[in-house]
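Engineer: Turn this into a model:
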Amino acid sequence: MKPTYTMDDMQWHMLIQNVAQHFNDLTIKRGFQYFKQGHVHQLTMPADGRIEAVVEGAEYYSVKLNLDSFTDNRCNCPVPANCKHMVATLLEYANLQERSVHALVNASSAATFKQVVKPSSHTVPNRSAIQTADIKAEASAQLKEQASKLTTLNVSEWYDLFEQCIAPLGMKIPNAPYAQSALASIFSIQPQLSPVMEQLFGFHAHLFVLTKLVKPLQQGHQTNFYMGFQTQVAADDIQELMIQSLVNDFPLKSEPERWQHVTETLTHLRAQMLREPQNLNYFLDVYIQLWLNWIQPNLNDNDIYLEELQHLQSAKDELGSSLSRLSWMLAQSWMHFYLSQDQQAWAMLHAADAAFIVHADHLLPFLNLLYETKQWVRMNHWLVEIGPLLSSHRNNNLHNYWIYWNETIQHLPEAEASLWTTLISMLPYTEKIYEEKLLAHHKWQQWMDYQLSMGREPLDYRVGVFQPIEKHAPELMLPFYHQAVERYIVQKNRDSYKQAVKLLKRLSKLYKKLKQEARFELFITVFSNRYSRLRALQEELRKGKLIP
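Structural biologist: Here you go, the predicted structure:
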């Protein structure tokens, strides 16, 4: 719904200043997440400058804001003042007023940037300072004038504008404050844009800054690079924001005339990705998400995948030794995947894994897309192929992989046969999961055979693990316990004798359950006679009331 009262430009600028003054970056980011996730409900304006809303968090919180006096703002959450629920409400309000949400999100950074270029209030500006200020004001006006024609400019021209925007920052240390100042400077020239163009502008602003952070590391394109901690923190934050923005709905079909800007975006991002050092993957991850969320859902045919394959294949000769081969191979595997050319996609993945290390983060998105599109037969084949890649480098991220297996078997029961083959092929890295699956599928005999072959100790398991087997197939537990008892006796020490007696008492209960008490009595008599010279063992047998 539209707000009752309309905000003018003066009120908008005051709102940006108040947000910068009263909220820190972390609170703004958290509030932005709440806004994006649609947690703001029932927003109303009972009077001019007054906003009320309900924000969904750990519970539902009542927010009451006074835009003319931020010290009067109230929220009934545990935070005493200036909380993320207030920020989420303000962002929802700005959105309803058709103002730039990103300008408000970057309010704190913009304030920091203005402080950098603003002269001190304690100094009297001389003529030179006034002239400098006039020059800066004129330059800013010119940039805004150029930015007003953004829709007619190509992406390369956008980047020329961005370069001019950050020129006053100079050569600063590539860290989070630098990134925030650069973004604030770029967003300060953003004109009113359509939804698609606003998303593209925000995406490129972040991509430009990410390039500034990573670009110095790409000179000479060595295989691996050491990235300073502060630079890495800044780059990680920028990448996270980009990937989050890509998850948002991208209504390209409602603005088909913007397709040219999308293809230019792809060209620019591809160029960065294919020159990225092997150990960074900032641009590769964004490239994959761009295809998954913005490009693939808006396509009607496969021509663009074939074109992208051609671009990727020609890059090998064009870039030579500067080609990032891991990114190059993974990108091709995705194009083959989209074309349903699974054999070619698997070949690329196996080649990449043989030369480098393909992590779960680059493999599981294939399965996730198949899951979302309910392609269960194809999912079965991909699970079989990807499994060995996940285990070959002792990858610990197998939990989600097995969730996909469970979902596939539910929709395609015949896939269970390939599950067991895959599990066995991935041993010993899937040992724990293999045992869990055997128990979950009531494969008692196979589970017991595996324990015996591996020489496992029954006392290493909780008693509860054996309860289903003892209930449904108690006879399978007998060799497991008997084998362990003999191993404990061979150790010939008091502690091992105690462990043996503990298992013998379990055996007694099992034989009783099987109604074979006489057989156990015969066994324990022979057993005690055989080890009659082991005085400590005899004492433990008597303590356990197994012999008189």
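
Engineer: Can you read off the pLDDT for the residue nearest the centre of the chain?
Structural biologist: Central residue of the chain (Cα atoms, centre = their mean): residue 361, 7.7 Å from the mean position. At residue 361, the predicted lDDT confidence score is 86.

Engineer: And for residue 188?
Structural biologist: pLDDT at residue 188 comes out at 90.

Engineer: What count of nearby residues applies to it?
Structural biologist: If you count neighbours by other Cβ atoms under 10 Å, residue 188 ends up with 17. Yep, even glycine has a C-beta here, placed from its N, CA and C like the rest.

Engineer: so how far is residue 372 from residue 398?
Structural biologist: Distance, residue 398 to residue 372, by Cβ to Cβ, to the nearest Å: 20 Å.

Engineer: Please apply the same query to residue 84.
Structural biologist: For residue 84, the distance to residue 372 (Cβ to Cβ) stands at 30 Å.

Engineer: Which of these two has more residues huddled nearby?
Structural biologist: Neighbour count, other Cβ under 10 Å: between residue 84 and residue 372, residue 84 has more, with 25 against 9.

Engineer: what residues are up against that one?
Structural biologist: Contacts here follow Cβ atoms under 8 Å, 6 or more residues apart in numbering; on that basis residue 84 touches 27, 30-31, 33-34, 57.

Engineer: among the residues you listed, which ones are buried?
Structural biologist: The neighbour-count criterion (16 or more other Cβ atoms under 10 Å) marks 27, 30-31, 34, 57 among those as buried.

Engineer: ok, back up a step: wait, which of the contacts of residue 84 is closest to residue 417?
Structural biologist: Looking at those and their distance to residue 417, the nearest is residue 33, at 43.1 Å (Cβ to Cβ).

Engineer: and that closest one, that's in a helix?
Structural biologist: Yes - the assignment for residue 33, made by DSSP: H, G, I helix; E, B strand; the rest coil, places it in a helix.

Engineer: Now do whichever strand or helix holds residue 509: everything it contacts.
Structural biologist: Taking DSSP states H and E as the criterion, residue 509 maps to helix 494-513. For helix 494-513, contacts defined as Cβ under 8 Å, 6+ apart pick out 458-459, 470, 474, 477-478, 481-482, 484-485, 488-489, 517, 519-520, 524, 527, 534, 536-537, 540-541, 543-544, 546.

Engineer: and it, how far out from the chain's middle?
Structural biologist: 48 Å (Cα atoms, centre = their mean, to the nearest Å).

Engineer: and the angle for the next helix or strand after it with helix 494-513?
Structural biologist: Sequence-wise, the next helix or strand downstream of helix 494-513 (DSSP H and E) is helix 517-530. For helix 517-530 against helix 494-513, the angle between stretch directions is 160 degrees (axes from the mean of the first three to the mean of the last three Cα atoms, to 10 degrees).

Engineer: mind checking how far residue 42 is from residue 75?
Structural biologist: Using Cβ to Cβ, residue 42 is found at 14 Å from residue 75.

Engineer: for residue 281, same thing?
Structural biologist: With Cβ to Cβ as the criterion, residue 281 and residue 75 are 39 Å apart.

Engineer: got CSV for the contacts of residue 84, with distance to residue 357 and pLDDT too?
Structural biologist: Output for the contacts of residue 84, formatted as CSV (distance: Cβ to Cβ, whole Å; pLDDT from 0 to 100):
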residue, distance to residue 357, pLDDT
27, 38, 87
30, 34, 86
31, 38, 89
33, 31, 87
34, 37, 90
57, 39, 85
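
Engineer: Now do the same contact list for residue 386.
Structural biologist: For residue 386, the contacting residues are 349, 363, 366-367, 401, by Cβ under 8 Å, 6+ apart.

Engineer: Check the gap between it and residue 409 for me.
Structural biologist: Distance of residue 386 to residue 409, computed by Cβ to Cβ: 16 Å.
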